[in-house]
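K.L.:
Model the following, please.
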Amino acid sequence: MLKEIRNPLDQIKPLKIAIPVAIGLLVSFWLFFSEFDMTAYQAINWTAQTTFWICLAIICMVTRDVAYMYRIRVLTNYKLTWRRSFPVIMLWEFASAITPTMIGGTAVAFFILNKERITMGRSIAVVLTTSFLDELFFIMLVPIIFMLAGTDNLFSTFNPERFEQVTFFGKGLLYSFWTGYSILLIYTLVVSYAIFINPRAVKWILLKIFSAPYLRRWRDRAHHTGNDLITSSREMRNQPFVFWMKSFGATFFSWTARYMVINCIIMAFMTQGLLENAIIYARQLIMWIIMLVTPTPGASGVAEILFKELLSEFIPARISSTLALLWRGISYYPYLFIGAIILPRWIKRWMNQKSENLQPL
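P.N.:
Numbers count the residues shown, from 1 in each chain. I've put the predicted structure just below:
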């Protein structure tokens with residue numbers, strides 16, 4: 001896998017930064033002008049409470065990044081200092097922001113960690129374990145939040161003109177969500193079995209599956225994936241309970257803080273009750289599943305549309321596109337700009353180490 005990213009400059013170029021920014025802004029402006037109503041903006045009363053919730057939304061994003069930094073320090077057995085973990089997380093998020101969500105920045109993450117003098121075996125284990133913990137949080141949270149909010153409130157909204165519940169995008173959204181959830185559940189179970197029980201059996205199954213005529217072209221990739229699982233198992237399976245408690249605790253705080261950003265933004269302009277906040281939080285799980293399979297970099301364009309469609313009933317009329325842009329301005333665009341600032345310095349340091357060999361397995 002690493003042979004694809006020997007030089008990060010081959011993967012990260014200015015055009016890849018410009019594309020998601022352009023898509024996101026174009027969709028935001030299109031939504032803005034399609035619903036623009038000056039009276040809606042004149043009705044906004046900016047108060048100290050508004051400022052408080054916007055600041056809290058920013059604090060939530062900072063909390064997310066700090067939790068990510070702590071988690072990667074735990075996963076690397078504290079070989080990364082706080083100072084070194086910051087550029088690692090920022091560049092990881094930067095790479096994720098300029099690639100489709102379903103691809104993410106994992107390939108570049110291997111390279112970044114290895115160049116931070118984390119052994120290749122540990123780098124592979126850290127990246128795969130990070131993905132595993134993220135999916136584990138999601139599949140555990142869904143049943144809990146659905147019991148609190150209610151399924152009917154998540155996939156439909158009350159239309160006062162029809163006096164009935166109207167399902168978002170027909171039944172397609174419901175089926176798409178549970179299909180995506182099932183895939184993530186299967187993935188998590190397979191990775192759990194591979195890391196903690198028998199990685200060689202999973203590799204054997206992968207090779208058998210990808211030996212089929214129509215899947216044979218991906219057999220080499222399946223082989224590499226199997227090797228990565230074996231490496232991850234060797235690195236992670238004997239870790240103590242405290243290690244996993246800290247890692248999952250950091251995962252819990254990071255994702256909870258990330259989802260709370262939208263809740264804070266909406267609370268800044270319209271007070272919501274406990275049930276409404278639970279519904280807002282839960283609908284972000286639906287948004288995340290859709291964004292996960294979006295082909296645009298960082299789900300640009302799609303994220304803004306989903307925000308408007310799924311959350312507009314909790315937002316003052318005619319300003320949903322503005323709040324969507326505010327949300328992305330807090331939770332997405334900063335990674336593009338911070339990454340663009342950090343990357344040249346990191347590349348310079350990497351070039352100074354160019355003559356050194358990659359750390360051994």
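K.L.:
Which stretches in the protein count as strands?
P.N.:
Applying DSSP state E to the chain gives strands spanning 156-159, 164-167.
K.L.:
ok, of those, where does mean pLDDT dip lowest?
P.N.:
Ranked on mean pLDDT, the bottom entry among these is strand 164-167, at a mean of 54.
K.L.:
tell me the contacts of residue 211?
P.N.:
Contact analysis of residue 211 by C-beta atoms under 8 Å, 6 or more residues apart in numbering lists residue 219. All C-beta atoms are positioned from the backbone trio N, CA, C, and that covers glycine.
K.L.:
What sits closest to residue 74 if chain neighbours are left out?
P.N.:
residue 246 (4.8 Å; C-beta to C-beta, 6 or more residues apart in numbering).
K.L.:
ok, so what distance separates the one you found from residue 77?
P.N.:
Applying C-beta to C-beta, to the nearest Å, the value for residue 246 to residue 77 is 11 Å.
K.L.:
more crowded one of the two?
P.N.:
The residue with more neighbours, out of residue 246 and residue 77, is residue 246; 16 against 13, by other C-beta atoms under 10 Å.
K.L.:
got a list of what the more buried one touches?
P.N.:
70, 71, 74.
K.L.:
quick one: low-confidence parts of the protein?
P.N.:
For the chain, the stretches with pLDDT under 70 are 1-17, 19-21, 24-25, 28-29, 31-43, 101-105, 156-172, 350-361.
K.L.:
how about a cut-off of 50?
P.N.:
For the chain, the stretches with pLDDT under 50 are 1-5, 8-9, 160-163, 355, 357-358, 360-361.
K.L.:
just to revisit the earlier point, what about the residue nearest to residue 74, distance to residue 84?
P.N.:
18 Å.
K.L.:
from memory residue 219 sits against residue 209, does it?
P.N.:
No: with contact defined as C-beta atoms under 8 Å, residue 219 does not count as touching residue 209 (9.1 Å).
K.L.:
higher neighbour count, those two?
P.N.:
residue 219 (16 against 12).
K.L.:
Spatially, what comes nearest to the more buried one if we skip its sequence neighbours?
P.N.:
residue 210 (4.3 Å).
K.L.:
Looking at the contacts of residue 246, which one is closest to residue 302?
P.N.:
residue 71 (27.2 Å; C-beta to C-beta).
K.L.:
Count the residues that sit near the residue nearest to that closest one when sequence neighbours are not counted.
P.N.:
Using C-beta to C-beta, 6+ apart and skipping the chain neighbours, the partner closest in space to residue 71 is residue 250 (3.6 Å). For residue 250, the neighbour count with other C-beta under 10 Å is 21.
K.L.:
before we move on, the earlier item: list the contacts for the residue nearest to residue 219?
P.N.:
216, 218, 219, 221, 222 are the contacts of residue 210 under C-beta under 8 Å, 6+ apart.
K.L.:
What's the ChimeraX line that selects buried ones from those residues?
P.N.:
Command for ChimeraX that selects the buried part of these, burial taken from 16 or more other C-beta atoms under 10 Å:
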select :219,222
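K.L.:
Farthest-apart pair in the contacts of residue 210, please.
P.N.:
Pairwise over the contacts of residue 210, using C-beta to C-beta, the maximum falls at 216 and 221, 11.0 Å.
K.L.:
what's the burial count for residue 189?
P.N.:
So residue 189, with other C-beta under 10 Å, has 13 neighbours.
K.L.:
For it, give me its contacts.
P.N.:
Residue 189 neighbours (C-beta under 8 Å, 6+ apart): none.
K.L.:
From residue 141, how far off is it?
P.N.:
With C-beta to C-beta as the criterion, residue 189 and residue 141 are 16 Å apart.
K.L.:
and what of residue 218?
P.N.:
31 Å.
K.L.:
what sits against residue 76?
P.N.:
113, 118, 122, 126.
K.L.:
could you redo the last one with a cut-off of 6 Å?
P.N.:
118, 126 (C-beta atoms under 6 Å, 6 or more residues apart in numbering).
K.L.:
distance of it from residue 343?
P.N.:
21 Å.
K.L.:
repeat for residue 257
P.N.:
25 Å.
K.L.:
same check, this time on residue 197
P.N.:
On the measure of C-beta to C-beta, residue 197 and residue 343 end up 39 Å apart.
K.L.:
So for those two, which residue has more residues nearby?
P.N.:
With neighbours defined as other C-beta under 10 Å, residue 197 and residue 343 compare such that residue 343 has more, 20 against 11.
K.L.:
Now do the buried residues in stretch 78-92.
P.N.:
Neighbour-count burial for stretch 78-92 flags 79, 80, 84, 85, 86, 87, 88, 89, 90, 91, 92 (criterion: 16+ other C-beta under 10 Å).
K.L.:
Return the closest of the residues you listed with respect to residue 242.
P.N.:
Of the buried residues of stretch 78-92, the one sitting nearest to residue 242 (C-beta to C-beta) turns out to be residue 79, at 17.3 Å.
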